[in-house]
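[1] just coords:
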């Protein structure tokens with residue numbers, strides 16, 4: 001009998017199953033690490049929950065119509081802004097859907113591109129959590145449904161008309177969705193709360209935001225940086241300092257020297273100074289077998305503790321209570337379920353062979 005972590009076969013290793021992608025490249029993402037590969041799934045679920053909590057704190061509140069003597073007239077005046085808020089609330093509701101599992105959506109198992117959910121395990125023990133970007137519109141789902149068949153064409157056409165009417169509102173709502181760097185910063189702010197009620201990270205070690213993503217090759221990276229890095233540094237004053245934090249995970253398609261050269265060419269017209277330490281802006285670049293991504297971060301060392309959530313909690317003298325017994329029980333239950341699944345499929349194959 002092969003071990004649960006042995007190589008070969010469909011069930012030879014859980015690592016291969018965890019690394020499997022649940023769809024195309026995400027538009028934005030967060031890299032999550034844990035203390036050991038065995039805790040990757042727990043860290044992923046915790047990270048998804050933390051990002052959703054941060055989203056709840058950063059989400060704008062809907063505009064409520066003022067009650068005045070004019071009654072309905074006041075409500076009518078607020079209808080325009082209400083449309084934007086309704087669209088934004090719809091977007092946020094989709095983001096908050098449960099996505100801590102394998103990243104697949106409901107129904108036929110297709111991934112929902114609007115959710116905060118696990119995308120894949122890019123290397124052993126390193127999870128990629130997908131976040132939708134401003135260009136991921138819910139109206140695209142209606143268009144996709146229309147191409148699936150002609151049975152519901154009339155209903156789809158009605159939905160398309162409604163989408164056309166709300167196009168501007170949806171665009172405004174999507175533009176308001178916070179990027180991964182803002183969500184991660186909010187997670188760290190909540191954990192740095194000095195009160196006793198502040199959260200404490202249990203499984204997540206690092207949360208590294210990727211606001212912009214492309215395939216892990218030089219030309220796509222150069223194009224992405226040229227298109228988005230100047231805008232990400234738009235608030236930087238002339239003479240501000242910056243540095244590069246480069247993380248390469250099992251990939252040789254992008255070298256640090258090429259990345260630094262590309263960024264220098266883009267940053268040069270902005271008159272910013274490259275600094276080896278204590279830089280005001282840190283450009284974090286991640287390269288792994290699944291994606292290449294980058295983001296611009298302020299306070300990378302002093303506020304974000306190099307995006308290490310455990311380091312922040314430790315600096316405040318707070319540690320999570322250990323539930324090793326519970327963790328062992330969870331692992332045993334998961335192993336038992338996997339064994340049962342293997343046995344069931346083995347019996348089915350034996351019956352098919354006998355038939």
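    Here it is on my side, so go on. Quick caveat: nothing in here was measured; it's all calculated off a predicted structure.

[2] is residue 210 in a bridge, and if so with what?
    residue 29 (DSSP bridges).

[3] do the same with the one 4 residues further on
    The residues listed as beta-bridge partners of residue 214 by DSSP bridges are residue 292.

[4] what's the local residue count around it?
    If you count neighbours by other Cβ atoms under 10 Å, residue 214 ends up with 20. In short, each C-beta sits where N, CA and C put it, glycine included.

[5] hmm, residue 285 is touching residue 246, no?
    Yes: between residue 285 and residue 246 there is a contact under Cβ atoms under 8 Å: 5.1 Å.

[6] the two: who's more crowded?
    Between residue 285 and residue 246, residue 285 has the larger neighbour count (other Cβ under 10 Å), namely 23 against 17.

[7] for residue 248, phi and psi?
    Residue 248 has phi and psi values of phi -110, psi 120 when expressed as degrees, to the nearest 10.

[8] bridged to it, which residues?
    In this structure, residue 248 has beta-bridge partners residue 287, where bridges are defined by DSSP bridges.

[9] from what I can see it touches residue 259, true?
    No: with contact defined as Cβ under 8 Å, residue 248 does not reach residue 259; the gap is 9.1 Å.

[10] neighbour count: the two, which is higher?
    The residue with the greater number of neighbours, taking residue 248 and residue 259 and applying other Cβ under 10 Å, is residue 259; the counts read 22 against 17.

[11] dump the residue contacts of that one.
    The neighbours of residue 259, taking Cβ atoms under 8 Å, 6 or more residues apart in numbering as the test, are 221, 244, 246, 285, 287.

[12] if we go to 7 Å?
    Neighbour list for residue 259: 244, 246, 285 [criterion: Cβ atoms under 7 Å, 6 or more residues apart in numbering].

[13] what about the last one, which SS state?
    This means residue 285. Put simply, residue 285 is strand when judged by DSSP: H, G, I helix; E, B strand; the rest coil.

[14] which residues touch it?
    With the criterion set at Cβ under 7 Å, 6+ apart, residue 285 makes contact with 244, 246, 259, 294.

[15] recalculate using a threshold of 10 Å.
    Residue 285 makes contact with 210, 212, 221, 225, 244-248, 254, 256, 259-260, 262-263, 292-295, according to Cβ atoms under 10 Å, 6 or more residues apart in numbering.

[16] for the buried ones among these, write the corresponding PyMOL selection.
    In PyMOL, a selection of the buried entries from the contacts of residue 285 looks like this (16 or more other Cβ atoms under 10 Å):
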select buried, resi 210+212+221+225+244+245+246+248+254+259+260+262+263+292+293+294+295
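
[17] of the contacts of residue 285, which belong to strands?
    Cross-referencing the contacts of residue 285 with the strands (criterion: DSSP state E) gives 210, 212, 244, 245, 246, 247, 248, 292, 293, 294, 295 as the overlap.
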